[in-house]
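Trainee: Sharing a sequence plus its predicted fold:
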Amino acid sequence: MKTIVITQAGAPEVLQLQDRPQPAILPTEVLIKVAAAGVNRPDVLQRKGNYPPPAGASADVPGLEVAGTILEAGADCTQWKVGDKVCALVSGAGYAEYCAVPEGQCLPVPENLSLIEAASLPETYFTVWSNVFDRGRLQPGERLLIHGGSSGIGVAAIQLAKAWGATVYVTAGSDVKCAFCEKLGADQAIHYKTESFKDVVKQLTQKKGVDVILDMIGGDYTPDNLEVLREEGRLVLINFMKGDETTIKLSHIMRKRLTVTGSTLRPRDAAFKAAIASQLKKYVWPWLGTGKVKPVIHSTFPLAEAAAAHRLMESSEHIGKIVLVVE
Ligand SMILES: NC(=O)c1ccc[n+]([C@@H]2O[C@H](COP(=O)([O-])OP(=O)(O)OC[C@H]3O[C@@H](n4cnc5c(N)ncnc54)[C@H](OP(=O)(O)O)[C@@H]3O)[C@@H](O)[C@H]2O)c1
């Protein structure tokens with residue numbers, strides 16, 4: 001089968017189309033004939049050599065989500081049959097014509113969505129559910145601040161949190177991105193290059209602060225994040241694009257009884273991911289069916305042009321998701 005291989009750590013050009021054997025499945029896995037594969041920032045980090053894949057995942061084929069048709073179901077699979085159209089969270093090797101995945105990590109493709117749209121869902125929806133709703137315990141009526149509102153993750157988080165009944169503030173790096181986030185449902189977008197998010201959030205909340213922050217920036221955002229959390233607030237970290245180290249005031253955590261947490265999805269086991277899939281199916285898939293939440297695709301590229309897709313992602317010019325079309 002055709003697959004995209006990280007031939008060495010480096011620039012987008014290290015992504016090369018190569019032939020590899022079709023993967024064999026375990027009894028609890030299905031084999032998907034991939035129609036489309038989503039591109040995510042962690043793929044870029046992996047390509048650069050900064051995000052080693054977890055044990056058991058492909059060492060050199062990136063890709064954390066796919067959509068397509070089930071070609072084969074393992075002997076112990078009970079949920080799916082050959083011919084079903086699914087989208088799936090995978091722990092690697094999504095940039096390929098065929099992909100093996102534990103059956104519990106698959107979700108049905110909503111009837112109103114294309115396979116390209118469905119391929120853009122799993123990585124961001126699993127991550128947002130796990131971090132904003134499980135770890136962050138966001139409640140209807142609470143206030144959520146999302147950094148990187150126009151990212152794939154941000155776009156999913158805005159829509160899910162609004163559907164859940166929260167007030168949503170976001171940061172984004174241009175007027176166009178801010179306008180897009182507000183059109184998508186964000187109550188207020190903060191242009192972080194021209195405004196201090198700390199000052200704007202204080203003003204928006206009459207100095208009370210927000211209940212939950214979803215943060216992918218880290219570094220020097222952290223002291224300000226802690227300052228704008230209200231009592232019992234939760235800071236949930238999913239990356240640290242501005243750095244792994246910072247200085248914070250521990251007194252904020254004590255005085256306001258804050259929770260600082262975070263997680264990485266990829267190394268978690270199949271049972272954990274299947275549990276998130278069940279929650280998504282119960283709460284979020286009905287919203288996709290009615291159009292209350294919908295995928296936002298910025299652009300698509302043929303599988304062979306994965307390098308161009310990575311170049312676009314690194315430019316940060318995109319809003320929403322970038323998808324590789326495999327078929
Ligand atoms: N922990 C996990 O399990 C997990 C899973 C998936 C993804 N992630 C992380 O989640 C993040 C988003 O992933 P993605 O695939 O959605 O990537 P993406 O679309 O490339 O998003 C990255 C975003 O960061 C924004 N950004 C950069 N510097 C910023 C700053 N100083 N303040 C606010 N925003 C800033 C960029 O937008 P601007 O142009 O507005 O700056 C861009 O929208 C990545 O960092 C990724 O590693 C974590």
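Mentor: Here it is on my side, so go on. These figures come from a predicted structure and were not determined experimentally.

Trainee: What parts of the protein come near the ligand?
Mentor: With C-beta under 6 Å from any ligand atom as the criterion, the chain meets the ligand at residues 40-42, 123, 127, 147-148, 150-153, 171-173, 177, 192, 216-217, 238-239, 241-242, 263-265, 313, 316. Quick note: C-beta positions are derived from backbone N, CA and C, even for glycine.

Trainee: filter the residues you listed to the buried ones?
Mentor: Among the residues of the chain next to the ligand, those scoring as buried are 40-42, 123, 127, 147-148, 150-153, 171-172, 177, 192, 216-217, 238-239, 265, 313 (criterion: 16 or more other C-beta atoms under 10 Å).

Trainee: picking that back up, so which of the residues of the chain next to the ligand belong to strands?
Mentor: Thr171, Ala172 (DSSP state E).

Trainee: State the distance from the nearest residue to Trp164 once chain neighbours are set aside to the ligand.
Mentor: In this structure, Trp164 finds its nearest non-sequential neighbour in Pro140, 5.8 Å apart by C-beta to C-beta, 6 or more residues apart in numbering. Using C-beta to the nearest ligand atom, to the nearest Å, one gets 24 Å for the distance from Pro140 to the ligand.

Trainee: residues touching Pro140, list them.
Mentor: Trp164, Gly165, Ala166 (C-beta atoms under 8 Å, 6 or more residues apart in numbering).

Trainee: do Ala88 as well
Mentor: Shown in contact with Ala88 (C-beta under 8 Å, 6+ apart): Ile32, Glu65, Val66, Ala67, Cys99, Val101, Gln105, Cys106, Leu107, Pro122.

Trainee: now swap in Asn40 and tell me
Mentor: Leu64, Glu65, Glu123, Thr124, Gly152 are the contacts of Asn40 under C-beta under 8 Å, 6+ apart.

Trainee: and Glu159, that's in a helix?
Mentor: Check again: residue 159 is Gln, not Glu. Yes. Under DSSP: H, G, I helix; E, B strand; the rest coil, Gln159 sits within a helix.

Trainee: what about it, how many residues close to it?
Mentor: 25 (other C-beta atoms under 10 Å).

Trainee: If you tally nearby residues, what's the number for the closest residue to it other than its chain neighbours?
Mentor: Residue nearest to Gln159 in three dimensions, not counting chain neighbours: Val293, with 4.1 Å by C-beta to C-beta, 6+ apart. Using other C-beta under 10 Å, Val293 has 23 neighbouring residues.
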